[in-house]
Every structure is written in C-alpha cells, then in structure tokens.
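Peer 1: here's a sequence, model it:
(one chain, ligands or ions: 1)
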Amino acid sequence: MSNTIDRLAGELAGVTLLREAGDLTRLSRDFYWFSPVLKALLDDKRADLVAVPASQAEVARIVGACATAGVPLTPRGLGSGNYGQAMPLEGGVVLDLTRLNNVLWVKPGAVRAEAGARLSEIDVQARKSGWEQRMLPSTFRGSTVGGFYCGGGVGIGSNNYGMLKDPGNILGVKALSMEPQPRMVEFRGRDAVDLHHAYGVNGVVLEVELALAPALPWVEFLVSFGSFNDAVSFAQMLGESDGIAKKGVSAHQWPLPRSYRPLKDVVRPGESVVMTLVADYNEAAFAEMVKAAGGAITYRNDPRAEGAKRLTLQEFMWNHATLHAIREAEAAGAAPGMEGGITYLQLGYPAGRNLELVRRIHEIFGEEVVQHVEFIRVKGAVTCSGLPIVRWKGESRLREVMRILEEEGVYIADPHTWVVEDGGKKSINPRHVDLKIAMDPAGLLNPGKLRAWDEREATQKKSVFWDS
Ligand SMILES: Cc1cc2nc3c(=O)[nH]c(=O)nc-3n(C[C@H](O)[C@H](O)[C@H](O)COP(=O)(O)OP(=O)(O)OC[C@H]3O[C@@H](n4cnc5c(N)ncnc54)[C@H](O)[C@@H]3O)c2cc1C
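Peer 2: All right, here's what the predicted structure looks like:
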C-alpha cells in the first residue's frame with residue numbers, strides 16, 4: 001500500500017498533500033462519535049494520504065491519478081456529517097475540498113458556488129443583493145455547500161421550503177467522474193437531485209447551484225412554556241400561521257434546555273422552550289400569539305441592533321441540540337456509549353398525526369426519550385422532524401426503541417449506520433447504481449457506503465485491485 005501511495009504522491013507534485021499521522025486521523029473523521037454504535041465500528045478508519053486541492057484543475061489531477069492507480073478516494077468538506085459519511089472505510093486518499101471555495105455568482109433567486117464554499121460565506125454574498133439561502137444546517141458556520149448537498153438535506157428554513165431534495169431547491173450541480181481521464185458533467189433539474197445525499201459515491205462535486213429566498217430582517221426569540229405539550233402546540237400553530245414570516249421553528253422538552261449552557265440565564269427551570277426567528281415587522285403579531293398561548297418570551301436578540309449578542313439560537317436547533325446534550329453529559333462524566341451517556345435518533349412524523357405521536361412517545365418512554373422537534377413543510381403541510389435524545393442502554397435497547405417507534409407510525413432515518421440506503425433513503429434507488437456505473441465504474445468513490453453497489457459488485461468480478 002505504501003508503495004502505491006508514494007507513487008501517487010510523486011505524481012501529484014505541486015498539490016498540497018498531508019501524510020502526518022495527526023492530519024490523517026483528523027481529516028478521516030466526522031461526527032460519527034455521536035453514535036456509540038458507529039464509534040465502536042469506525043474508530044480505526046484512516047486515510048493513507050490527504051490531498052487538499054486549490055483549484056478544479058488540481059481536483060481533476062488527483063481524481064485522475066487515483067482512478068489510474070485504483071486507489072479509493074473519499075471527498076470531504078468540513079467533516080461535520082454525523083454518520084461516518086466522510087470516513088474512508090478502505091483507506092486511500094481523502095480529498096479535502098475546503099480550498100475550492102469561490103462563490104461564483106449570485107443572481108436574483110439563485111446562487112452558484114464551488115463545493116468547498118462555506119454556507120455562512122454564501123449567505124454573506126447572497127445578502128449583499130437581498131437574498132439568503134432557503135435552508136441551512138445548524139453547522140452553517142463552517143460546513144460546505146458540497147458537504148450539505150452530498151451529506152445533509154434539511155435545516156433552518158425547512159419550515160418554509162421543505163427538504164433540500166424537494167423540487168425547486170437544487171438547481172444544478174457540476175461533478176467530476178472518477179476515471180483516469182475525469183469528465184466534468186453538469187446535472188440539471190431532477191438529475192441534479194440524484195447525486196444529492198449519496199455521500200459523494202456518484203461523483204466528486206465541484207459546483208452547486210441552489211435557489212435562494214428573499215433575505216428578511218430576522219429577530220431571534222426563545223419562548224418558555226410550562227409544559228412540552230403547550231410548547232409543541234404553539235410551534236405547530238406558529239408553523240401554520242402563513243402571515244407571520246419566520247425561519248426555523250423548534251420545540252425542546254425539559255430537561256434538554258438545561259444542557260444549553262450559553263442560554264442558562266434565559267431558560268426557566270422545569271420549562272420547555274420554542275426557538276424561532278421572526279421578521280421584525282411581524283414581531284407584534286408574534287408576541288400576541290405567544291401571550292394567547294400562555295408562553296413567555298425570555299430571550300430576544302436582533303442581530304442588527306447595537307449591542308446585539310453574537311450568540312445565535314440557530315446553533316441550538318437541529319443536531320446542535322444533540323451536540324449540547326452530549327457535551328453536557330460528557331461534562332458529567334458520561335461520554336457517548338458509557339453508562340449514563342446519551343445518543344439520539346432522527347424521526348419523521350406524518351403530517352396530521354405529529355402532535356398525537358409526540359405525546360404518545362412521552363407516554364411510552366418517559367425520560368428515556370427526551371424530545372426535540374423541528375417543524376418542516378412536507379408537501380404543503382406543517383409537521384415535524386424529531387431529534388430526540390435517547391438514554392444509552394446498549395444497542396439492543398436502542399433497536400427496540402426504534403422498533404416501537406416504527407410500530408407507532410413514526411418514520412426513522414437511522415443515524416447509526418453509514419450506509420446510504422439504511423439511513424434516510426430507506427430504499428435502493430436504481431438511478432444511484434446507473435449513475436455510479438457512469439461516473440465511478442471502478443467503484444472507487446467513498447467505497448462501502450452504497451449497499452446497492454456493493455451487492456452488485458459481489459456478483460461481478462471487481463475491475464480494480466486496491467494496491468499492488
Ligand atoms: C452538530 C451537528 C448539527 C447538524 N445539523 C444538521 C442540519 O441541521 N441539517 C442537516 O442536513 N445536517 C446537519 N448535520 C450534518 C452535517 O453537518 C451537514 O449535513 C453539513 O452540511 C455537512 O457539510 P460538511 O461540509 O461538513 O460535509 P462533510 O461531513 O465533509 O461531508 C458530507 C458527505 O458529503 C461527501 N462530500 C463532501 N463534499 C463533497 C464533494 N465536493 N463531492 C462529493 N462528495 C462530497 C462526503 O464524502 C460525506 O459523505 C449536523 C451535524 C452536526 C454534527
């Protein structure tokens with residue numbers, strides 16, 4: 001193996017290459033450790049070389065050289081995915097795309113950026129002409145548009161625009177095939193969605209084009225409620241109030257807010273909270289709605305005002321809530337996987353039954369499953385996604401909790417697997433395999449992540465051999 005890597009490094013003279021053990025470990029990891037299941041299975045996965053291209057031409061050189069040598073290649077952005085998506089299961093080269101970070105253009109309603117551009121920087125550029133991204137993961141500060149496109153799919157703003165995959169959100173994508181002479185292919189419309197959330201197994205994404213939303217003057221609010229039921233009912237009502245412009249609506253069950261240390265002065269002991277961003281011109285209507293629902297606004301921050309706090313509630317939404325809870329448990333001596341530690345799940349609630357199911361989950365599991373829900377729009381209806389904190393009692397109990405939830409009618413996007421189809425997708429998409437045959441015929445891109453490909457490979461002679 002080291003001979004092949006030495007040869008490859010020689011061919012890539014001029015490209016930034018990292019081979020120090022610390023760099024190889026750091027850049028082979030993501031937030032897989034959120035899951036005690038994945039932590040145990042993936043801890044030793046490590047690249048043999050990390051390549052950090054500074055231009056699309058350098059990416060093409062690296063891809064071509066790896067394809068010629070039969071070396072696996074795993075693209076990565078920030079590495080904030082939480083299912084081991086960016087971890088090189090078979091070693092080889094990790095392709096760090098963070099220097100490929102130009103925002104190429106912003107037009108009314110659309111932006112195009114290179115894959116390594118940070119989502120926060122794209123928003124800065126878009127806002128200059130009155131636009132912002134339709135949805136952002138809570139990791140927006142550092143995560144890349146390529147990583148969000150290939151590994152994520154939903155976020156702050158999904159209460160207005162649904163999931164990233166929903167028609168109209170993704171406009172186009174340019175990707176490089178994994179071949180000795182890499183081809184640049186532009187995918188538009190539905191074809192561009194086929195590469196989405198496939199963990200980069202179908203091409204190295206170079207550019208992403210997304211639809212934008214009008215940028216509004218957002219003010220952040222935290223509202224406290226005596227019970228989680230009241231908090232969730234209010235969040236649903238707010239989500240359905242189409243006249244109130246808002247971005248991000250989430251409800252967090254006590255004792256979860258106790259973990260949010262930076263918010264300790266605004267969280268009331270024993271109370272559940274709703275977090276949201278509301279356009280300043282709708283503040284009065286929002287405040288009336290809070291009062292009528294029996295809530296109390298305990299935090300308000302207008303980021304444009306003098307003396308505004310730099311803290312943003314957006315970094316307590318989606319899986320940031322999980323991160324704060326894990327950190328709090330760790331501080332108390334219980335890391336993920338330890339007795340007293342915690343883990344999490346990702347749930348989808350059918351519209352119309354979501355409030356009933358939230359209540360039912362509390363009845364069944366009590367404090368074993370502490371709920372946190374994010375409101376999203378699914379085919380026009382307002383419902384919620386759940387990211388509950390689950391007390392860790394071993395993998396078999398975790399699987400039992402999942403089974404019970406599914407029996408109740410809750411959809412589970414399993415965050416304890418690195419396999420595309422076993423997580424969110426649930427089914428094998430034949431277009432994924434067709435696309436892989438066209439874009440990565442030797443199966444070298446992020447190997448081990450696409451079950452449909454691995455099953456196909458098992459019945460056919462492998463066309464390449466990693467290492468000679
Ligand atoms: C605390 C926390 C909160 C999160 N909140 C959200 C959330 O709100 N919504 C959400 O959807 N996700 C969320 N995530 C998951 C993740 O942060 C996002 O999906 C993020 O956008 C990933 O971006 P990244 O740059 O870190 O990608 P990475 O983690 O580096 O990569 C993600 C996947 O894409 C592949 N990839 C990356 N770049 C390319 C490329 N150019 N070409 C081909 N393949 C590529 C990688 O191989 C990997 O499989 C969260 C994770 C954490 C830890």
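Peer 1: up against the ligand, what does the stretch 201-350 of the chain have?
Peer 2: 204-205, 318-320, 323 (CB under 6 Å from any ligand atom). Where you see a C-beta, it was placed from the backbone N, CA and C, and this is true even at glycine.
Peer 1: where's the residue lying closest to Trp418 once chain neighbours are set aside relative to the ligand, distance?
Peer 2: Spatial nearest neighbour of Trp418, excluding adjacent residues (CB to CB, 6 or more residues apart in numbering): Gly84 at 4.1 Å. To the ligand, Gly84 is 9 Å away according to CB to the nearest ligand atom, to the nearest Å.
Peer 1: where's Gly84, which helix or strand?
Peer 2: Secondary-structure assignment from DSSP states H and E places Gly84 in no helical or strand segment.
Peer 1: surely it meets Asp30?
Peer 2: Yes: contact criterion CB atoms under 8 Å: Gly84 and Asp30 qualify, at 6.4 Å.
Peer 1: which of these two has more neighbours?
Peer 2: Gly84 (28 against 24; other CB atoms under 10 Å).
Peer 1: for that one, what are its contacts?
Peer 2: By CB atoms under 8 Å, 6 or more residues apart in numbering, the residues touching Gly84 are 30, 32, 38, 42, 45, 418.
Peer 1: per-residue confidence for it?
Peer 2: Among the per-residue scores, Gly84 holds a pLDDT of 97.
Peer 1: that one and Val273, how far apart?
Peer 2: According to CB to CB, to the nearest Å, Gly84 and Val273 sit 31 Å apart.
Peer 1: how about Leu323?
Peer 2: Distance, Leu323 to Val273, using CB to CB: 17 Å.
Peer 1: likewise for Val145?
Peer 2: 30 Å.
Peer 1: next one: Lys449
Peer 2: Distance, Lys449 to Val273, using CB to CB: 36 Å.
Peer 1: and those two? which has more neighbours close in?
Peer 2: Neighbour comparison, Lys449 and Val273: the larger count goes to Val273, with 30 against 25 (by other CB under 10 Å).
Peer 1: next, count neighbours for Pro53.
Peer 2: Other residues close to Pro53 by other CB under 10 Å number 23.
Peer 1: ok, the one 5 residues further on next?
Peer 2: Close neighbours of Glu58, defined as other CB under 10 Å, add up to 19.
Peer 1: and the pLDDT for the most centrally placed residue in the chain?
Peer 2: By CA atoms, centre = their mean, the chain has its centre lying nearest to Gly152, at 3.4 Å. Looking at Gly152, its pLDDT is 96.
Peer 1: check Asp48 too.
Peer 2: Looking at Asp48, the pLDDT reads 98.
Peer 1: before we move on, what about Trp392?
Peer 2: Listed pLDDT for Trp392 reads 94.
Peer 1: for it, grab the count of nearby residues.
Peer 2: Using other CB under 10 Å as the criterion, Trp392 is surrounded by 24 other residues.
Peer 1: roughly how far apart are it and Pro53?
Peer 2: With the distance defined as CB to CB, Trp392 ends up 39 Å from Pro53.
Peer 1: same check on Thr4?
Peer 2: From Thr4 over to Pro53 the distance is 19 Å, taken as CB to CB.
Peer 1: what's next to stretch 123-132, contact-wise?
Peer 2: Applying CB under 8 Å, 6+ apart, the set of residues contacting stretch 123-132 from outside is 103, 106, 108-109, 111, 133, 136, 140, 212-216.
Peer 1: go again using 7 Å as the cut-off
Peer 2: Contact with stretch 123-132 is made by 103, 106, 109, 111, 133, 212-215, as judged by CB atoms under 7 Å, 6 or more residues apart in numbering.
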